[in-house]
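# Provide a 3D model corresponding to the input given below.
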Amino acid sequence: MTKIRVFAKRPTPLEDLNIVTINDFNTEFTVDLGQQLDDKPEEIVHTQTFTPETGTGPTPICGSHSSWDGEKCVCDVGYHDENGECVADVPDDKVLYDSNKDGHWDNGEKRIVKGSEGNIKANGKGLYMAASGKPQLEIQGDGEAWLVTKPGFGRFYVAACNYNARLEFEFNIMAGSVDNLSTKCRSRHQMGGNCEQKFGGLGTHVALDEVGFKAEKCHNIQDQKDAQDVKLKKKLELNKWYKSKYEYKDAVDGKSIEYVRWLDYGDGNGWVKVLEGAHKHPLPFYMKRSLYEEQSEFWMRLNGSGTIALKNLRLVSI
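Numbers count the residues shown, from 1 in each chain. Modelled structure (predicted):
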């Protein structure tokens, strides 16, 4: 809060004249100084505008879904700030998994998961370790979890049913021996039955210098159609946090599966679209929605060896 007193300085022995005092000075105002000689008309001889140090004055124009509260632009009810942009809040019933709410990564309890934690039955929201490299998830208790593996393809699965969704998380590649961090969504990789019952999933990966997409028909049978790798225009650095969003959904015509990946480098430029495309030749069971709503998972995998830190892992239905 800023206080302002506007006064007129007069020569001794005359006292100064107080014109106005404002205890909470947050709006620009103007004072006109005038004179009147005898019975002649009043005359304005000087006009002075006073502006708060904060630079406020005329009400600033805020962006979409926001308004001025007297000090700053604030998001409207139902929206929140995300890198300077007001985006819609996600209703609770749209959140399929949250690492803090469901995984309790922020409960203050440090622990190491080598097998499983929580309910790993269909849509139980628990997680379990798998694959080569003797992977383990070191949950720090402050919202972070470190995926650690020896050379191999160590990963953890999360028992959260998903179909059309957006996977959001923050990550930090902490070792140069890490080849990349890959994810698979809409996955039934660990389910029983024939290949049509256990689609590997819609995969994307991020390395220090590239991102990519590839589907997996079923265990170790890669679907190379429409796969792509793209070099990052701005490379990532070791031991630095980044944000990621990966969105996948059936196309409106029901003939393909569209995907987009964004990264936020934390440099003030917000989200950058780094990958976009479509799987134009999906097999019918890739899009059998009832199958994935009954039971499906997503997984996070460290390819190579070393450690990747993760936090704020969230899967949202779209």
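
# Now do stretch 26-34: everything it contacts.
With contact meaning CB atoms under 8 Å, 6 or more residues apart in numbering, stretch 26-34 is reached by 2, 6, 8, 19-20, 22, 42-52, 54, 56-58, 70-71. All C-beta spots, glycine's among them, are computed from the backbone N, C-alpha and C.

# any idea of the mean pLDDT for that stretch?
Stretch 26-34 carries an average pLDDT of 83.

# now do stretch 148-162
Mean predicted lDDT for stretch 148-162 stands at 96.

# For it, measure first residue to last.
In stretch 148-162, first residue to last residue: 25 Å (CA to CA, to the nearest Å).

# same check, this time on stretch 74-88
Across stretch 74-88, the terminal residues are separated by 13 Å (CA to CA).

# Contacts for that stretch next, please.
So stretch 74-88 is in contact with Gly63, Ser64, His65, Ser66, Ser67, Trp68, Asp89, Asp264, Gly270, Trp271, going by CB under 8 Å, 6+ apart.

# ok, so of those residues, who is nearest Asp98?
Asp89 (13.5 Å; CB to CB).

# The closest one and His80, how far apart?
Applying CB to CB, to the nearest Å, the value for Asp89 to His80 is 6 Å.

# can you map out the helices along the chain?
Ranges of helices in the chain, per DSSP state H, are 289-294.

# So which bits of stretch 133-153 are buried?
Judged by neighbour count (16 or more other CB atoms under 10 Å), stretch 133-153 contains these buried residues: 133, 135-140, 143-149, 152-153.

# How far does it stretch from one end to the other?
6 Å.

# Same question for stretch 87-95.
Terminal residues of stretch 87-95 are spaced 15 Å apart (CA to CA).

# And that stretch, what's buried?
For stretch 87-95, by 16+ other CB under 10 Å, it's Val90.

# So for that stretch, mean pLDDT?
Across stretch 87-95, pLDDT averages out at 86.

# how far out from the middle of the chain is that stretch?
13 Å (CA atoms, centre = their mean, to the nearest Å).

# likewise stretch 266-277?
On CA atoms, centre = their mean, the centre of stretch 266-277 falls 11 Å from that of its chain.
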